[in-house]
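**Q** sharing a sequence plus its predicted fold:
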Amino acid sequence: MSRALALLALAGGLFSGAPVGAQVASGQVTSGSAFLSPDLARRQADPTRNPGWFWVEQGEELFSRKPAGGAACLSCHADPASTLRGAATRYPQVDRGGALLNLEGRIEQCRVERQTQPAFGHESQELLALTAYLASLSRGLPMNVAVDGPARPFYDAGKAFFERRQGQLNLSCRQCHDGLVGQKLRGDTISHGAGTGYPAYRLEWNGVGSLHRRLRACSLGVRATQFDHGGPEYLALELYLAGRAKGLPVETPAIRR
Ligand code: HEC
Ligand code: HEC
């Protein structure tokens, strides 16, 4: 059976006429790590066997490197292990200019405005490495994004996206990531879609990728529009996911299948 047909069978079997899965209150959301096989869970927990740490180390190295004609990140952000610890738990957030920025966007902002260098670009090794490094400094700390005030409209847009049926398979994010949590889909166990381990090392990618890359894979899975990395749709969605995951610890770099 093709992948699309398998999905359709799943959707047809479970959703025909059925109501959308019950809303999950924040605090009940669990990490995707809960569904790793015992072997992958051990690999994830062991820095010598989790390839994601290679990106973290590259990021740490980049952080202290001085580019020609600009300052090193480290020269403005001394002692990042304490001064930037916890920063990742507060992203995405609305900046002073009113734009919603995720951690990648914040790094690019400093890169361009303060380091006066060209942006790294989405999914570049440099941006993934720096993002993985900064997120790793918040490992174990609870996610704590603001979802009120200026963040509210973005959060609401993300929530609406999460609930909208989409694609040829006509499935919403919520139908899978609330309604089918714990069920198998092509060898994966569907989680709450918390996103607290990203950038993550994914076996299918044979490397580290961003949360937006994972979101594009989910959009493709239901044959829906794939939005741009860093685009407003996935940024709003990321804020909603982070709000749902409030209290869950940051786990970057996670391992995923
Ligand atoms: C010339 C000084 C300077 C350089 C160089 C610089 N930054 Fe920054 N950065 C700042 C200042 C100042 C702020 C906070 C003020 C603001 O909101 O703009 C900041 C904020 C940040 C934040 C947000 C922290 C938080 O708690 O929300 C991150 C993340 C960050 N920088 C990462 C980087 C990275 C990565 C680099 C290198 C690519 C870098 N910065 C280079 C000055 C700098
Ligand atoms: C057909 C079911 C299905 C739909 C619909 C779907 N996903 Fe997924 N998603 C999966 C599966 C399967 C995985 C991999 C296993 C897991 O972690 O849940 C996944 C993984 C994820 C992850 C990574 C979780 C982790 O810990 O690695 C996130 C985040 C996510 N999805 C968000 C979304 C969002 C947002 C939408 C709506 C745009 C969506 N998904 C739509 C099935 C689905």
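**A** Great, that's in hand. Ligands and ions are numbered 1, 2, ... in the order given.

**Q** could you pull out the helices in the protein for me?
**A** 3-15, 38-45, 52-64, 73-76, 80-83, 103-109, 125-136, 152-163, 173-177, 211-221, 232-244 (DSSP state H).

**Q** got the buried residues for the third one?
**A** For helix 52-64, the neighbour count (16 or more other Cβ atoms under 10 Å) marks Gly52, Trp53, Phe54, Trp55, Val56, Gln58, Gly59, Glu60, Leu62, Phe63 as buried. Backbone N, C-alpha and C define where each C-beta goes, glycine included.

**Q** just for this protein, where's the confidence low?
**A** 1-27 (pLDDT under 70).

**Q** domain parsing for it?
**A** 3-45+144-256, 52-136 (automatic domain parsing).

**Q** ok, the residue nearest the centre of the chain to Pro38 distance?
**A** Geometric centre of the chain, nearest residue: Leu211, 3.1 Å, by Cα atoms, centre = their mean. Using Cβ to Cβ, to the nearest Å, we find Leu211 at a distance of 25 Å from Pro38.

**Q** number of residues surrounding the nearest residue to Arg114 once chain neighbours are set aside?
**A** Nearest non-adjacent residue to Arg114, counting by Cβ to Cβ, 6 or more residues apart in numbering: Cys76, 6.6 Å away. Per other Cβ atoms under 10 Å, the neighbour tally for Cys76 reads 11.

**Q** surely Cys76 meets Glu113?
**A** No - Cys76 lies out of contact with Glu113 (Cβ atoms under 8 Å); the separation is 11.5 Å.

**Q** residue contacts, the closest residue to ligand 2 within the chain?
**A** Scanning the chain for proximity to ligand 2 using Cβ to the nearest ligand atom identifies Gly32 as nearest, at 2.3 Å. Applying Cβ atoms under 8 Å, 6 or more residues apart in numbering to Gly32 gives the contacts Ser191, His192, Gly193, Ala194, Gly197, Ala254, Arg256.

**Q** quick one: the closest residue to the third one other than its chain neighbours from Arg114, how far?
**A** Looking back up the chat, that one is Gly193. Once flanking residues are discounted, Gly193 sits nearest to His177: 3.8 Å by Cβ to Cβ, 6+ apart. Applying Cβ to Cβ, the value for His177 to Arg114 is 37 Å.

**Q** looking at these two, which one has more neighbours?
**A** His177 (22 against 13).

**Q** ok, the more buried one - contacts?
**A** His177 touches Phe162, Ile190, Ser191, His192, Gly193, counting by Cβ under 8 Å, 6+ apart.

**Q** hmm, 7 Å instead?
**A** Ile190, His192, Gly193 (Cβ atoms under 7 Å, 6 or more residues apart in numbering).

**Q** returning to that earlier point: using JSON lines, lay out the buried residues of helix 52-64 together with distance to Gly231.
**A** Listed next are the buried residues of helix 52-64 as JSON lines, based on distance: Cβ to Cβ, whole Å:
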{"residue": "Gly52", "distance to Gly231": "25"}
{"residue": "Trp53", "distance to Gly231": "29"}
{"residue": "Phe54", "distance to Gly231": "28"}
{"residue": "Trp55", "distance to Gly231": "23"}
{"residue": "Val56", "distance to Gly231": "26"}
{"residue": "Gln58", "distance to Gly231": "26"}
{"residue": "Gly59", "distance to Gly231": "23"}
{"residue": "Glu60", "distance to Gly231": "29"}
{"residue": "Leu62", "distance to Gly231": "25"}
{"residue": "Phe63", "distance to Gly231": "26"}
